[in-house]
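Visitor: Coordinates for the following, if possible.
(chains A and B)
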Number of protein chains: 2
Amino acid sequence: MKTQPIGIFDSGIGGLTVLKELKKILPNEQLIYFGDTARIPYGTKSKELVQQYALEDAAFLLQYNVKMVVVACNTASAMAIDVLKERLDIPVVGVVIPGAKGAVRDTANKKIGVIGTSATVNSNAYSKAIKQISTTETEVISKACPLLVPVVEEGWLDEQATYLILQKYLKDVLQENIDTLILGCTHYPLLQDAIRKVTGPSVKLIDSGSETAEFVKNILAEKNLLNDLARMGEDQFFVSDIPQKFEEIGSRFLGEPLRNVQRIDFDKFLITHQKLF
Amino acid sequence: MKTQPIGIFDSGIGGLTVLKELKKILPNEQLIYFGDTARIPYGTKSKELVQQYALEDAAFLLQYNVKMVVVACNTASAMAIDVLKERLDIPVVGVVIPGAKGAVRDTANKKIGVIGTSATVNSNAYSKAIKQISTTETEVISKACPLLVPVVEEGWLDEQATYLILQKYLKDVLQENIDTLILGCTHYPLLQDAIRKVTGPSVKLIDSGSETAEFVKNILAEKNLLNDLARMGEDQFFVSDIPQKFEEIGSRFLGEPLRNVQRIDFDKFLITHQKLF
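Guide: Numbers count the residues shown, from 1 in each chain, chains lettered A, B, ... in the order given. Below you'll find the model as predicted:
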């Protein structure tokens, strides 16, 4: 099983920030990435629907005989991780627990902020995870920031409008005197510099991507699933809409060119693989 | 056929601005609305996918024996109107032609601006329509404004950040000295006041909603399909994700409470109605 690939899915492009960190610390692992660009975004949709989409996305990855599924999407992690764990026979790792662990480790004053999509924030997933992990009373202040995903996709990483949007979103969170802020959406690491300018240097930013990569490595090691043999093949990228925009913005995410992204007809996949989900 | 309902679809909520205008001038008609909130937005997706979605949406409406399909979505109108007309046996009306007609009628200096989603703007649909309709040389200056839909859905209709975003998007268009601006997305009428503040009073704003309602009325009259008999039933609203958000934001769009919105399981519909599209 060690040489089998790791499957990763996201509603679209954001999960590439997790994949990038995985490649960094697990260079021997083959990665299969699925971005559901035909149905992006998940963050504005209902729990029921996100759970259904997550099961369908995982079913797609299972075709590639993956040894683990990484849910590289905060919304799907927040809303569907339990359903996925229940239904899949292989380990499933989301980004919420690793992000929450990182924040609990780093906070000194026990006041943690969380920003994410409406779906992630309304689920209270980070808040619940922090309360489970933390051994001392910890306050969690959350804020849904629905405009930040389109801001990143528009490439407005250092615009005056972006700072105004961030100031408006972060005002209440910062007033609570947090010392740690979880970037609870895989798009947000691209806004890290802008966010830091608004929060000031005293607030520690937690990027779920790198936290999750460490977490994945530990789980694989625990289960004796780390690939210490030869790498089986190149990473593969699949999307459910045409790949042009994914390749273009994805290259910005990965910091290197992204090519050979394959489009799959997801409606056809759904019709022919009904028994899988 | 006169008493059959009119079918209207949109990727989500925006089409309600068209429905509102239809109700105003065609109070006798029963309207069946479908908002594809499970797959919203269409404006960032490919032509191929939007055409597929539009055919599926129309297939859903055909189940209700509609006498006409109104594509109350600029993206679907721009990308899929030809495919829909080819495949459907009933009249199909989009929002692009009516909007273009209104702009050609109103421009004095023959310089028309168009704002819309990336998909709408990249399709050049307005530009092509204006050049077909206009009898004199008319310049069209277009600008994709991907952030405006999420701004409307966030309810930021009069925020400082919104004005900054609008200024950034409209700068180049306004420099071209346009006297008419097409609001080429059914979400934008809600930003009409903010847009007017940025353009100044000398630029005439064209709202496809009211233009389309007039257009629909004319087509129905031409084809002797106007309902001059008793109204057959209440308007019906269907969405593909849970209806809470649709009802909440939709009430803002319609300016009156929106209730009894029904959720349909669209993946199930797709699987059981494959022959329709």
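Visitor: show me the contacts for the residue in the stretch 1-150 of chain A that chain B sits nearest to.
Guide: The stretch 1-150 of chain A approaches chain B most closely through residue A:46 (4.1 Å), counting by Cβ to the nearest Cβ. Quick note: C-beta positions are derived from backbone N, CA and C, even for glycine. Taking Cβ atoms under 8 Å, 6 or more residues apart in numbering or on different chains, we find residue A:46 in contact with A:119, B:241, B:242, B:244.
Visitor: tell me which residues of stretch A:134-149 are tucked away?
Guide: A:134, A:138, A:140, A:141, A:142, A:143, A:144, A:145, A:146, A:147, A:148, A:149 (16 or more other Cβ atoms under 10 Å in any protein chain shown).
Visitor: Say whether chain B is contacted by that stretch.
Guide: Yes: using Cβ under 8 Å from any Cβ of the partner chain, stretch A:134-149 reaches chain B at A:146, A:147, A:149.
Visitor: before we move on, back to that, most surrounded residue in the contacts of residue A:46?
Guide: residue A:119 (25 neighbours; other Cβ atoms under 10 Å in any protein chain shown).
Visitor: which SS class is that residue?
Guide: Of the three states, residue A:119 takes helix under DSSP: H, G, I helix; E, B strand; the rest coil.
Visitor: Isn't residue A:133 up against residue A:102?
Guide: No: assessed by Cβ atoms under 8 Å, residue A:133 is found out of contact with residue A:102, at 10.0 Å.
Visitor: Please say which of the two ends up with more neighbours.
Guide: residue A:102 (22 against 15).
Visitor: ok so that one is a strand residue?
Guide: No: using three-state DSSP, the assignment for residue A:102 is helix, not a strand.
Visitor: pLDDT score assigned to it?
Guide: For residue A:102, the pLDDT comes out at 97.
Visitor: What parts of the stretch 51-200 of chain A come near chain B?
Guide: When proximity is defined by Cβ under 8 Å from any Cβ, the stretch 51-200 of chain A lies next to chain B at A:52, A:146-147, A:149-151, A:153-154, A:156, A:159-161, A:164-165, A:168.
Visitor: Tell me which two in those are the farthest apart.
Guide: The largest separation in those, counting by Cβ to Cβ, is between A:52 and A:160 at 39.5 Å.
Visitor: Which one of these two is surrounded by more residues?
Guide: Ranked by neighbour count (other Cβ under 10 Å), residue A:52 and residue A:160 place residue A:52 first, with 18 against 13.
Visitor: In terms of helix, strand or coil, where does residue A:70 fall?
Guide: Reduced to three states with three-state DSSP, the structure at residue A:70 is strand.
Visitor: elements contacting the host helix or strand of residue A:33?
Guide: Using DSSP states H and E, residue A:33 sits in strand A:31-35. Secondary-structure packing of strand A:31-35 (3 or more Cβ pairs under 8 Å, 6 or more residues apart in numbering or on different chains; DSSP states H and E): strand A:6-10, helix A:16-25, helix A:47-62, strand A:236-239.
Visitor: Single out the most deeply packed of those.
Guide: Comparing the helices and strands packed on strand A:31-35 by mean neighbour count (mean count of other Cβ atoms under 10 Å in any protein chain shown), strand A:6-10 ranks first with a mean of 28.
Visitor: Other residues contacting it?
Guide: Strand A:6-10 has contacts (Cβ under 8 Å, 6+ apart) with A:15-16, A:18-19, A:22, A:26, A:29-36, A:54, A:57-58, A:60-62, A:64, A:66-73, A:76, A:186, A:216.
Visitor: How about stretch A:161-172?
Guide: Residues from elsewhere that reach stretch A:161-172, judged by Cβ under 8 Å, 6+ apart: A:113, A:115, A:141, A:143, A:145, A:147-148, A:151, A:156, A:191, A:194-195, A:197-199, B:159-161, B:164-165, B:168.
Visitor: can I get the CA coordinates of it in PDB?
Guide: Taking Å, rounded to 0.1, in the frame of the first residue of the first chain, the C-alpha atoms of stretch A:161-172 are listed here in PDB:
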ATOM      1  CA  ALA A 161      -9.800  47.900  -2.100                       C
ATOM      2  CA  THR A 162      -8.500  44.700  -0.700                       C
ATOM      3  CA  TYR A 163      -7.100  46.500   2.400                       C
ATOM      4  CA  LEU A 164     -10.400  48.200   2.900                       C
ATOM      5  CA  ILE A 165     -12.300  44.900   2.700                       C
ATOM      6  CA  LEU A 166      -9.800  43.200   5.100                       C
ATOM      7  CA  GLN A 167     -10.100  46.100   7.600                       C
ATOM      8  CA  LYS A 168     -13.900  45.800   7.500                       C
ATOM      9  CA  TYR A 169     -13.800  42.100   8.000                       C
ATOM     10  CA  LEU A 170     -11.100  42.000  10.700                       C
ATOM     11  CA  LYS A 171     -12.200  45.100  12.700                       C
ATOM     12  CA  ASP A 172     -14.300  43.200  15.300                       C
END
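Visitor: buried sites along that stretch?
Guide: Buried-residue list, stretch A:161-172, by 16+ other Cβ under 10 Å: A:161, A:162, A:163, A:164, A:165, A:166, A:168, A:169, A:170.
Visitor: Now render the residues you listed as JSON lines, adding pLDDT and secondary structure.
Guide: As requested, the buried residues of stretch A:161-172 are exported to JSON lines (pLDDT from 0 to 100; DSSP: H, G, I helix; E, B strand; the rest coil):
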{"residue": "A:161", "pLDDT": "96", "secondary structure": "helix"}
{"residue": "A:162", "pLDDT": "98", "secondary structure": "helix"}
{"residue": "A:163", "pLDDT": "98", "secondary structure": "helix"}
{"residue": "A:164", "pLDDT": "97", "secondary structure": "helix"}
{"residue": "A:165", "pLDDT": "98", "secondary structure": "helix"}
{"residue": "A:166", "pLDDT": "98", "secondary structure": "helix"}
{"residue": "A:168", "pLDDT": "97", "secondary structure": "helix"}
{"residue": "A:169", "pLDDT": "98", "secondary structure": "helix"}
{"residue": "A:170", "pLDDT": "98", "secondary structure": "helix"}
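Visitor: Let me know the closest of these to residue B:127.
Guide: For the buried residues of stretch A:161-172, the residue nearest residue B:127 by Cβ to Cβ is residue A:161; the value is 26.7 Å.
Visitor: Output the helix or strand of chain A with the lowest mean pLDDT as CSV - backbone C-alpha positions only.
Guide: Ranked by mean pLDDT, DSSP states H and E, the weakest helix or strand in chain A is helix A:266-272, scoring a mean of 83. Once non-C-alpha atoms are left out, helix A:266-272 reads as follows in CSV (Å, rounded to 0.1, in the frame of the first residue of the first chain):
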residue,chain,number,x,y,z
PHE,A,266,-18.2,15.1,-13.7
ASP,A,267,-22.0,14.8,-14.5
LYS,A,268,-21.1,11.7,-16.6
PHE,A,269,-19.0,10.4,-13.7
LEU,A,270,-22.0,10.8,-11.4
ILE,A,271,-24.3,9.0,-13.7
THR,A,272,-22.0,6.1,-14.3
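Visitor: ok, back up a step: quick one: which of the contacts of stretch A:161-172 sit in strands?
Guide: The strands, defined by DSSP state E, take in A:113, A:115, A:141, A:143 from those.
Visitor: Make sure the last one is actually in contact with residue A:175.
Guide: I take that to be residue A:143. No: between residue A:143 and residue A:175 there is no contact under Cβ under 8 Å: 11.0 Å.
Visitor: where are the low-confidence patches of chain A?
Guide: A:274-277 (pLDDT under 70).
Visitor: so what are the domain limits for it?
Guide: Following automatic domain parsing, one finds the domains of chain A at A:6-94+A:211-276, A:97-208.
Visitor: distance between the ends of the shortest one?
Guide: Between the opening and closing residues of domain A:97-208 we find a distance of 9 Å, counting by Cα to Cα, to the nearest Å.
Visitor: and it, how far out from the chain's middle?
Guide: Its chain's C-alpha centre and that of domain A:97-208 lie 14 Å apart, by Cα atoms, centre = their mean, to the nearest Å.
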